[in-house]
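>>> sequence unavailable; structure follows:
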Ligand SMILES: NC(=O)c1ccc[n+]([C@@H]2O[C@H](COP(=O)([O-])OP(=O)(O)OC[C@H]3O[C@@H](n4cnc5c(N)ncnc54)[C@H](OP(=O)(O)O)[C@@H]3O)[C@@H](O)[C@H]2O)c1
């Protein structure tokens, strides 16, 4: 991977980005992000709170804007390999910013728990993430000739990305189907999820997300993608552990062999 790009602004901002990722990880050890019914009401949930769907869409929208804007200013934006990465990006963030929130089934009468502070932290991440990756892929990177499609890094990365993306969507679908389209307000808000990778871990949706960004980092082979992988792991690994402990505490019959995030390991 290219550690120095001759673009001082880019290289300096990348260092700031990695320090920010470290801050997210350390902060996650003291409590997870304040959103959702289980964690949205904690001590971090001070200030403005939004409805889940609004919070998610607002937070993730820069993912659909920053990358294409920076991308089309790049000298290589008309080339095939960069355009392929643009397509992957837009599919990923259309799912994250629009499809997942719009399909989300909210418990009737649930109070708004999506902290605006989380939205702001998400904006910082997506501004950096979108800029780093679009600038590298469409402007700085020199490896993205059509030969890149047969490079082992591209092939390995796209396979890992695809497995992660499918796992993430499949697991999100299982969670969504735990509530009916018109949930009964008197029914329990949470149930134990079964099926797919829930057999082995409490948070396969997070494992899928981490695998997706691992695959993206390998297939693009650039530090901007490693930056977002670091943020994702720093954020989701501790949240998986909080979620796992929450299940164990709240369901006596929770499958004891299930791990938090990595089957058989953790
Ligand atoms: N890249 C990143 O850094 C990052 C960060 C965060 C999330 N994500 C991704 O965004 C997606 C959503 O994440 P999330 O943290 O909101 O996931 P989540 O905690 O799994 O919640 C998703 C939805 O499912 C509901 N739900 C969760 N567990 C349930 C259960 N046991 N019974 C019934 N309903 C349940 C939630 O309801 P409530 O709202 O009522 O709790 C919410 O509507 C995931 O795919 C995740 O990987 C990515």
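Perfect, thanks for sending it. Remember, it's a predicted structure, so these values are computed and weren't measured experimentally. Residues are numbered from 1 along each chain as shown.
>>> so which elements touch the biggest helix by length in the chain?
Counting residues, the longest helix in the chain under DSSP state H turns out to be helix 223-250. Packing partners of helix 223-250 (3 or more CB pairs under 8 Å, 6 or more residues apart in numbering; DSSP states H and E): helix 8-29, helix 36-39, helix 116-135, helix 204-220. Any C-beta I mention is one placed from the backbone N, CA and C, and that applies to glycine too.
>>> pLDDT at the residue of the chain most remote from its centre, what is it?
For the chain, the residue at maximal distance from the C-alpha centroid (CA atoms, centre = their mean) is residue 186, at 31.6 Å. We note a pLDDT of 90 for residue 186 in this prediction.
>>> likewise the one 4 residues further on?
Per-residue confidence (pLDDT) for residue 190: 97.
>>> name the residues of this protein found near the ligand, please.
Proximity of the chain to the ligand (CB under 6 Å from any ligand atom) is limited to residues 36-38, 52, 100, 104, 107, 110, 168, 172, 175, 178-179, 189-191, 193, 205-206, 209, 232, 235-236.
>>> on that earlier part again, looking at the helices and strands packed on helix 223-250, which is buried most?
Comparing the helices and strands packed on helix 223-250 by mean neighbour count (mean count of other CB atoms under 10 Å), helix 204-220 ranks first with a mean of 24.
>>> that one to helix 116-135, inter-axis angle?
Regarding helix 204-220 and helix 116-135, their directions subtend 20 degrees when assessed with axes from the mean of the first three to the mean of the last three CA atoms, to 10 degrees.
>>> before we move on, back to that, averaged pLDDT, the longest helix of the chain. What do you get?
The model assigns helix 223-250 a mean pLDDT of 97.
>>> please apply the same query to stretch 23-34.
Across stretch 23-34, pLDDT averages out at 93.
>>> got a list of contacts for it?
By CB atoms under 8 Å, 6 or more residues apart in numbering, the surrounding residues in contact with stretch 23-34 are 39-45, 113-115, 117-118, 121, 125, 230-231, 233-235, 237-239, 242.
>>> hmm, which of these are the buried ones?
The neighbour count (16 or more other CB atoms under 10 Å) marks 39-40, 44-45, 113-115, 117-118, 121, 125, 230-231, 233-235, 237-239, 242 as buried among those.
>>> show me where this protein dips below the pLDDT cut-off.
Low-confidence segments of the chain (pLDDT under 70): 42-45.
>>> do that again at 80, thanks
Scanning the chain for pLDDT under 80 picks out 41-46.
>>> neighbours of residue 227, how many?
23 (other CB atoms under 10 Å).
>>> dump the residue contacts of it.
14, 17, 18, 21, 128, 129, 132.
>>> now do residue 234
21, 22, 24, 25, 28.
>>> now it: closest residue in space that isn't a chain neighbour?
What sits nearest to residue 234 in space, not counting adjacent residues and going by CB to CB, 6 or more residues apart in numbering, is residue 25, at 3.2 Å.
>>> which one of the contacts of residue 234 is nearest residue 82?
Taking CB to CB as the measure, residue 21 is the one of those closest to residue 82, at 24.5 Å.
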